[in-house]
Structures are given as C-alpha cells and as structure tokens.
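**Q** the sequence and its predicted three-dimensional model are supplied below.
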Amino acid sequence: MIELISPTGGREISLQTDTQRKFIEDEQHRAQMDGALTFQWYDLVKQGEDHSVPVPVVFSWQEHEPENNGAAYYLLVSEHADMKDAWFYVTEQTEHAVYNLKVNTAYYWCVQRNGKRSEIASFKTADTLPRCIKIDHIPNVRDMGGYRVKGGRIRQGLLYRGGEFELHMQLSDKGARELLRLGVRTELDMRGEARGQVDFTTAEAIGIARVFVPSVPYAAIFEKEHAPRLRAFFEIFADPTRYPIYFHCWGGADRTGTFAFILGAALGMSEQDLITEYEFTSLSIWGVRSRNYGDFQAFLQGFAALSGSTAQDKARTFLVQYAGMTHEQIVMIENVLLEKDESGCASV
C-alpha cells in the first residue's frame, strides 16, 4: 500500500521564496530607491545570484511492504479531482519536487506503482504573484497570468516573459522539455542583436515557431519609425493559434519589461502591479530595475501623456495610435487572455 505523506489535507503552499516575498512586501523601500542605475540594456552584464526561480512543491510518500522488482513510481498531478489530464513524473524515489504549478489553484495527486494506486490527496497553491517559472539555465522567466483585473483575472499558462535561449544564455535539454510541457507554441524574439547571429533558434529546433520582431525599450517606442514593428509585435497576441506565447529579448528586462507593461496595462492590471512586474527583474542576474530609473521614468511620462483616464485607457490608446491595432484585435486579445469571475465580465 502506498501512503501519501505531503502535501495533504487541502494544505496551502506558497510558490515564492522568502527573498521574493520580502521583495514584494518591501514596497516603501522600492519606491524610494535611487534611480541612477548603471546597466546598459543593450549590453547586459551578469550581476549576483539568480533569485527569480520559484519554490517547488515537494511530494512525498511511503510504500508499506513494497515489491522489490525495480519498478518506478508514477507521480500524477492534476487540477481535477478525477485526475483528468494529469501530468505524470517518473521516479525511483519516494519524494519528488515539481516546479511551475499555477498559483491560486487546487491540485490533486496520487502515486502508482506496479499497477496499484494510492488514494488521492489535495492541496492548494497560494495566491502569490508574480508566478515565477523555472526553465533550466534561463533566468527571469515568469507567467504574466494570475493578476486581478476588474471582473476577473489574466489567465495563467498563456503568456510567458523571460530571457533568451541562445547567444548569452543556453537553454538546456531539461529546460527545453519544460517549455514543451508548458505547451509553448510561439517564441516572440525581440532581439535586434540576433539579426545575422541567429538563423535558427533553439526553440525552433524543438518545434516552437519563432516570430522575429526587433524592438526597442522605454520611450523609444513612441517614435514613429518603430510603428511597423509595434504592430507586428502586438498583432501576434490577437491570434489565438499562437498561444501559449513566450516573448523575450536578451535578459527579459528592458525591452520585454516595456512591452509587458503596455500589454498588462491594456488587460487591466493595476499600476502597482505593473510597476512590481517591471521591478521584479531585480531578482534575476541582470541588475536592479527601479521605477525611478531615468529611462523608465521617461517611458512613464510618455505613457502618462496618452489620452485616457486610466492606465488601461492609455494602453489601448497606444495600441491603436502607435501600433495600428484595431478595436477588434484588442477585443480578441482580451477574449484569449482574460478569464471572467462570477459576475460574467472581465473587462475594465
């Protein structure tokens, strides 16, 4: 008989580290940080340790009177009580760590071996954001889903942001398998520096389609010469067949951070969440990002000058006037990425 030990009893588990939790909570300190930062977005330098990786859920069990025939255990984890669509993990141990579960989600699990299955236990992941993602050898990866908007939330598992897979970082075999497990279909590559250097990306080698849209960060996005690329970038999100999408520059920090701000604002994220999402990159290896940084402040000033009374209104103004998006395309993005709550409405 296989006895499940942990997690059981509907226990709630946080996927954030103590460092990540402290960073989120220390809003006053982050708001007062010196904005005179020294990094160059186009020539990043690795700085310090990577604190952008989430905490795994560690599953443990024991087997009474096991059959010593070398058979492996199969750990099954599902979002459904009947174990439908379960992910399974194979191990010879009686403990296994699983990364990249969704936040604020009830999970069910069991273990089977030699054709025998344990009882089913349940637990819930805490509502702690952002949802960090572990992709082996690639820092600063997270899901933009889970954030509350008026009438609902942004869906998890559809919109990933992070760093590159080749050139300065190298995606491992383990990382590639995790991207496939997450179901990523499209790599949206923002690296102008990749032109002439990357003819065939690592993601393409494992069956993920690449869309190459060289991009610029911060206030430069308001320059008219970049309008065609802005449209090429944001149109990808209006195509439901492209999801899940992984968009990235070099470090997932500045170009990625700027476009994530616009996209998150258009979906209805609060200004506080938008700032935190930008600053969270400070926990990766690419140096501190602060709301007080001069280039980010210039971007915020340009964004504030857009017509509209809310951040969402301003972002939609940007998508229409600067990126040439239609109202129908914006609605399509909403339909894909927003899940409604019981009120039946998820738009602001």
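**A** Right, received. Where do you want to start?
**Q** any idea which helix is longest in the chain?
**A** Of all the elements of type helix in the chain, the one with the most residues (DSSP state H) is helix 255-267.
**Q** that one: how far from the chain's middle?
**A** Relative to its parent chain, helix 255-267 has a centroid offset of 12 Å by Cα atoms, centre = their mean, to the nearest Å.
**Q** what mean pLDDT does it have?
**A** Taken as a whole, helix 255-267 has a mean pLDDT of 98.
**Q** adjust the sequence numbering to begin at 68 for everything that follows.
**A** With 68 as the first residue, the last one maps to helix 322-334.
**Q** export that helix as PDB, just CAs?
**A** What follows is helix 322-334, C-alpha atoms only, in PDB (Å, rounded to 0.1, in the frame of the first residue of the first chain):
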ATOM      1  CA  ARG A 322      12.500  45.600 -24.000                       C
ATOM      2  CA  THR A 323      10.500  42.800 -22.500                       C
ATOM      3  CA  GLY A 324       9.600  44.900 -19.500                       C
ATOM      4  CA  THR A 325       8.400  47.800 -21.600                       C
ATOM      5  CA  PHE A 326       6.200  45.700 -23.800                       C
ATOM      6  CA  ALA A 327       4.900  43.700 -20.800                       C
ATOM      7  CA  PHE A 328       3.900  47.000 -19.200                       C
ATOM      8  CA  ILE A 329       1.800  48.000 -22.200                       C
ATOM      9  CA  LEU A 330       0.200  44.600 -22.600                       C
ATOM     10  CA  GLY A 331      -0.500  44.300 -18.900                       C
ATOM     11  CA  ALA A 332      -2.000  47.700 -18.800                       C
ATOM     12  CA  ALA A 333      -4.200  47.000 -21.800                       C
ATOM     13  CA  LEU A 334      -5.500  43.900 -20.000                       C
END
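**Q** continuing past that helix, what's the next helix or strand?
**A** helix 338-346 (DSSP states H and E).
**Q** just want the angle from that next one to helix 322-334.
**A** 160 degrees (axes from the mean of the first three to the mean of the last three Cα atoms, to 10 degrees).
**Q** for helix 338-346, give the mean pLDDT please.
**A** Helix 338-346 comes out with an average pLDDT of 98.
**Q** in a helix, G242, correct?
**A** Yes - the assignment for G242 (DSSP: H, G, I helix; E, B strand; the rest coil) places it in a helix.
**Q** pretty sure it contacts P206?
**A** No - with contact defined as Cβ atoms under 8 Å, G242 does not count as touching P206 (11.0 Å). (Each C-beta comes from the backbone N, C-alpha and C, glycine too.)
**Q** those two: which has the busier surroundings?
**A** P206 (23 against 20; other Cβ atoms under 10 Å).
**Q** and the more buried one, what is it in contact with?
**A** Counting by Cβ atoms under 8 Å, 6 or more residues apart in numbering, P206 touches D117, S119, V120, G229, G230, M236, G318, G319, S351, I352, W353.
**Q** next step: those restricted to strands.
**A** Judged by DSSP state E, those include G229 as members of strands.
**Q** only whichever of the contacts of P206 are buried, select them in PyMOL.
**A** Of the contacts of P206, the buried ones go into a single PyMOL selection, burial set by 16 or more other Cβ atoms under 10 Å:
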select buried, resi 119+120+229+230+236+318+319+351+352+353
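**Q** identify the farthest-apart pair in the contacts of P206.
**A** Largest separation among these by Cβ to Cβ: V120 and G318, giving 15.0 Å.
**Q** would you verify that V125 is located in a helix?
**A** No - V125 is assigned strand when assessed by three-state DSSP, not a helix.
**Q** what sits opposite it in the beta ladder?
**A** Beta bridges link V125 to A164, judged by DSSP bridges.
**Q** which elements pack onto the strand or helix carrying V178?
**A** Taking DSSP H and E as the definition, V178 sits inside strand 173-180. For strand 173-180, the packing partners by 3 or more Cβ pairs under 8 Å, 6 or more residues apart in numbering; DSSP states H and E come out as strand 69-73, strand 124-130, strand 140-145, strand 188-192.
**Q** what are the pairing partners of it, and which direction each?
**A** strand 140-145 (antiparallel), strand 183-184 (antiparallel), strand 188-192 (antiparallel).
**Q** for this structure, which segments are assigned as helices?
**A** Assigned by DSSP H, the helices in the chain fall at 85-92, 94-98, 240-248, 269-272, 294-302, 322-334, 338-346, 361-371, 378-388, 394-404.
**Q** one step back: worst average pLDDT in the strands paired with strand 173-180?
**A** Minimum mean pLDDT among the strands paired with strand 173-180: strand 183-184, a mean of 94.
**Q** pull the distance from that one to the chain's centre.
**A** In terms of Cα atoms, centre = their mean, the centre of strand 183-184 is found 35 Å from the chain centre.
**Q** can you check stretch 190-200 too?
**A** Centre-to-centre, stretch 190-200 and its host chain are 11 Å apart (Cα atoms, centre = their mean).
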